[in-house]
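Student: Starting from these lines, generate the structure:
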Amino acid sequence: MTPERLWENLASTQTCKGLLALVVILGLMVFDATPAAAFFTQLNYTTANHGEREIFSFAIPPGSQKPTLALTEPKQLLLTIPNILALPSGTFHLDQSRWIRSFAVTSIPEAKMGLMVTIGLKQANLSFRSRVGPEDPVAGSTFEFEIDEQPKPDPTQPMEIREGLVLPGRDGTLLVLSHTGTTEIEKNIEKGANPVVRIHLKAAKLADTWRPLDPGGLVENVFVYEFPEGHAELEVLLNEKADAVHFYESTKAGYFIVEILSPRDIGRSNNAKQIIANREYDLEQGASKPLHSIFPLYEPAATEVVLLDKRITEDYFWKAAKDAEKERHYDQARAYLGSLLDAFPDTPNREVIDFLMLDLHRHMGWKPGWLLYELEAVLARHPNTPNYSQYRFMQLKLLNESGRFENALSMMHDPNLPRDKGALLLENAKTNIGLANTHPGDPKFIQEAENHLQQVLTLTNGHGDKAASALFLLAKAHDLKQDHNAAIATLNQITSEHLGYLGKDPDKIMGIADIYYKYGQYQKSFQHYAMFMDAFHTRERTVPWAMLRAAEASFQLSRSAETQGQKHQAKEHFADAKRLFARLQKQFPGSDAAVWGKILELAMDQALT
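Tutor: Here you go, the predicted structure:
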């Protein structure tokens, strides 16, 4: 089907049918370019330790983001899997599961491809962990996660190191190690350009629950060695900015904490002591919580207030907010949370509520500058939240989106940013492209952007969502230099796979269409304008301009066909342009695009005569 006929057919159907058609078309385009396993992967299920541990695994596509596993409620896990369409299983059955009571699969609201799996747990305080196997450029890699129960630490047993977690924060970095048993621990700090902390454990070993740690903050890496004599050693590589190290330990809690500070850090001694105190209290109450319990969750408080002659707790507002969020009534959810804070200003759930409010504002489409102001206020209230790296990266992205490129550039080397090199390179490129726009006489910014984007393409081997974004930004960089050939050549490298990722972002689809139009590639620009109009028909400020440009592209195609003696095609393109101009006047009669459309239509008729 030609792009002209594609748009005509889509435009003549109902909006929902048109959108479904485009999603199917995009899905097939991406499916043709990547392995079937990348999208229709299968869930595998096994058990270990006599059924005490449940193990799940499935394939993820090459170059894809790693799935995330997070506890959203005391008895609810949320597994988010980007870039797959189905997750069937022939081996997992709820009635046979020791730990899982429900398993619900839905699509990711903001993405065209991806699933959210809500896992209901039969009891609180279960432990979970995940890992990704080595990646194959064709078959992808295997993601595996486990669920089991964590036993209480026993000081009378030999030392076993169970889990580890790196917690960056505004005031320093904590490395928290969970263990059972006891042994003699030797600490040694080797200073230098890159300091190293060595923790030698006599008569100790790694438990099978140990997973390699994600570095962050002032911790660059953690290596663990087991020796034949039964000893173990942790080698903690620190960032060059690390200046001071402190240790906190409790055999009763089964925690060993390393605090790492830079010269400017205030310190996190209170955080470390509170983590240990909370753990000891939980154990006294009979609860053995895993290490991920450090991340805050909403827990109903017993405090009551009288509202309309009824005694209510904060749970009344919280449940109403969560119900509204599920129905995507984000403004209502925000109102309920606001009422909760008004009625219970001293709620112990303030951190959870603040960050949920931030997510609601994002769903409501707040402008980047507004979101940034809100985020900075929340981070000031909760400077050492366990999700600090995630929100620090959000802050960097919002600085770029709101045009504060100098501030973004100064943040780029913050060690508290996540260690996702590809994502940071992309943001760095966006910053430099923004600076190139504001400093048109300085070529260094464009050169820096191009260098970063080429690194992304090398890192990803040209596959995945980061490679797709890199190609789009590289085309923008070439366009800034007015390098016609390089801009078009880069856009032509965008495959169906890349388009599947870029299709989630309306600005990128519109940007591709605009560059193609600018350099006279009218047929390709028409395709992308048509794609934009159908997939993002609710964006009433932008759709009229896409429709106007699509009509102009059709007219230019008509003129080109006329020049080449292809009179039949010239008439078809001309008719497409007329239909689009008429549709623009009908659907958006009061828009500036409609005014320009009328002018251009008259000019088109004059050119024909």
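Student: Verify the contact between Tyr388 and Leu417 for me.
Tutor: No. Using C-beta atoms under 8 Å, Tyr388 makes no contact with Leu417, being 9.9 Å away. The way it works is simple: take the backbone N, C-alpha and C, and place the C-beta from them, glycine included.
Student: Find residues that contact each of the two.
Tutor: Counting by C-beta atoms under 8 Å, 6 or more residues apart in numbering, Tyr388 and Leu417 have no common neighbour.
Student: domain parsing for the chain?
Tutor: Domain ranges of the chain: 37-149, 159-288, per automatic domain parsing.
Student: any idea which of those scores lowest on pLDDT?
Tutor: Note on the domains of the chain: domain 37-149 shows the lowest mean pLDDT, a mean of 87.
Student: How about the most centrally placed residue in the chain, nearest residue that isn't a chain neighbour?
Tutor: Nearest residue to the geometric centre of the chain (C-alpha atoms, centre = their mean): Gln65, 8.1 Å. Nearest residue to Gln65, sequence neighbours excluded (C-beta to C-beta, 6 or more residues apart in numbering): Pro82, at 4.5 Å.
Student: Now the one you found, what are its backbone angles?
Tutor: According to degrees, to the nearest 10, the main-chain angles of Pro82 amount to phi -70, psi 150.
Student: And Phe355, by the same measure?
Tutor: Per-residue torsions, Phe355: phi -80, psi -30 (degrees, to the nearest 10).
Student: residue boundaries of the helices in the stretch 201-350 of the chain?
Tutor: With helices called from DSSP state H, counting those that start in this stretch, the stretch 201-350 of the chain shows them at 269-284, 314-326, 330-343, 350-363.
Student: Can you point out the buried residues in the second one?
Tutor: What that stands for is helix 314-326. Residues of helix 314-326 classed as buried: Glu314, Tyr316, Phe317, Trp318, Ala320, Ala321, Lys322, Ala324, Glu325 (neighbour count, 16 or more other C-beta atoms under 10 Å).
Student: contacts for it?
Tutor: So helix 314-326 is contacted by 298, 300-301, 303, 330, 332-334, 336-337, 339-340, 343-344, 347, 349, 356, 360 (C-beta under 8 Å, 6+ apart).
Student: Pull out the buried members of these.
Tutor: Buried by 16+ other C-beta under 10 Å: 298, 330, 332-334, 336-337, 339-340, 343-344, 347, 349, 356, 360, out of the contacts of helix 314-326.
Student: my guess is Trp545 contacts Ala593, does it?
Tutor: Yes. Using C-beta under 8 Å, Trp545 is in contact with Ala593, at 4.9 Å.
Student: Share the number of residues neighbouring Gln157, please.
Tutor: The tally of other residues near Gln157 (other C-beta atoms under 10 Å) stands at 11.
Student: Likewise for the one 4 residues further on?
Tutor: Counted with other C-beta under 10 Å, the neighbours of Ile161 add up to 24.
Student: could we number from 282 for the rest of this?
Tutor: Let's use 282 as the start, then, which means that last one is Ile442.
Student: who touches it in this structure?
Tutor: Listed by C-beta under 8 Å, 6+ apart, the contact set of Ile442 reads Leu458, Ser459, His460, Leu482, Ala485, Lys486, Leu487, Ala488, Trp491, Val505, Ala513, Leu515.
Student: So which of those residues is the closest to Leu324?
Tutor: Closest approach between the contacts of Ile442 and Leu324, by C-beta to C-beta: Trp491, at 24.7 Å.
Student: Tell me where the stretch 582-731 of the chain has strands.
Tutor: 585-588, 591-594 (DSSP state E, counting those that start in this stretch).
Student: neighbouring strands for the first one, and are they parallel or not?
Tutor: Partners of strand 585-588 in the sheet, by DSSP bridges, are strand 591-594 (antiparallel).
Student: In the strand it pairs with, which residues are buried?
Tutor: Across strand 591-594, burial judged by 16+ other C-beta under 10 Å covers Thr594.
Student: Could I have the CA atoms of that strand written out in PDB?
Tutor: C-alpha atoms of strand 591-594 as PDB (Å, rounded to 0.1, in the frame of the first residue of the first chain):
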ATOM      1  CA  LYS A 591     -17.300   9.900  60.500                       C
ATOM      2  CA  ARG A 592     -14.000   8.700  62.000                       C
ATOM      3  CA  ILE A 593     -11.600   7.900  59.200                       C
ATOM      4  CA  THR A 594      -8.000   7.100  58.800                       C
END
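Student: what does it rub up against?
Tutor: Under the criterion C-beta under 8 Å, 6+ apart, residues Pro581, Ala582, Ala583, Thr584, Glu585, Val586, Val587, Ala624 lie in contact with strand 591-594.
Student: The stretch 782-890 of the chain: helices as residue ranges?
Tutor: Secondary structure of the stretch 782-890 of the chain (DSSP H, counting those that start in this stretch): helices at 787-799, 803-816, 824-844, 848-868, 873-889.
Student: Could you dump those helices into JSON lines and include distance to Leu402?
Tutor: Compiled in JSON lines, the helices of the stretch 782-890 of the chain are given as follows (distance: least, C-beta to C-beta, whole Å):
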{"stretch": "helix 787-799", "distance to Leu402": "38"}
{"stretch": "helix 803-816", "distance to Leu402": "37"}
{"stretch": "helix 824-844", "distance to Leu402": "44"}
{"stretch": "helix 848-868", "distance to Leu402": "49"}
{"stretch": "helix 873-889", "distance to Leu402": "52"}
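Student: Can you say which of those is packed in most?
Tutor: Comparing the helices of the stretch 782-890 of the chain by mean neighbour count (mean count of other C-beta atoms under 10 Å), helix 803-816 comes out on top with a mean of 24.
Student: quick check, distance from that helix to the centre of its chain.
Tutor: From the chain centre to the centre of helix 803-816 is a distance of 27 Å (C-alpha atoms, centre = their mean, to the nearest Å).
Student: and it, what does it pack onto?
Tutor: Helix 803-816 sits against helix 284-292, helix 296-314, helix 787-799, helix 824-844, with contacts defined as 3 or more C-beta pairs under 8 Å, 6 or more residues apart in numbering; DSSP states H and E.
Student: By mean pLDDT, show me the worst of the ones you listed.
Tutor: Least confident of the helices and strands packed on helix 803-816, judged by mean pLDDT, is helix 296-314 with a mean of 32.
Student: Thought Ile575 was touching Pro667, still the case?
Tutor: Yes. In this structure, Pro667 is within contact of Ile575 by C-beta under 8 Å, at 5.6 Å.
Student: Could you tell me which residues touch both of these two?
Tutor: Both Pro667 and Ile575 are contacted by Leu448, under the criterion C-beta under 8 Å, 6+ apart.
Student: Torsion angles phi and psi at Gly453?
Tutor: Torsion angles at Gly453 (phi, psi; degrees, to the nearest 10) stand at phi 140, psi -180.
Student: Among the contacts of Ile442, which lie within strands?
Tutor: Secondary structure assignment (DSSP state E) places Leu458, Ser459, His460, Leu482, Ala485, Lys486, Leu487, Val505, Ala513, Leu515 from the contacts of Ile442 within strands.
Student: Look at the nearest residue to Glu416 once chain neighbours are set aside and tell me its secondary structure.
Tutor: Leaving aside its chain neighbours, Glu416 sits nearest to Ser422 (4.2 Å; criterion: C-beta to C-beta, 6+ apart). When classified by DSSP: H, G, I helix; E, B strand; the rest coil, Ser422 comes out as strand.
Student: How about the one 10 residues further on?
Tutor: Pro432 falls in the coil class when you classify it by three-state DSSP.
Student: Can you classify Lys747 by secondary structure?
Tutor: Three-state assignment for Lys747 (three-state DSSP): helix.
Student: what sits against it?
Tutor: Counting by C-beta under 8 Å, 6+ apart, Lys747 makes contact with Gly344, Gly703, Ala704, Leu707, Val737, Leu740, Thr741.
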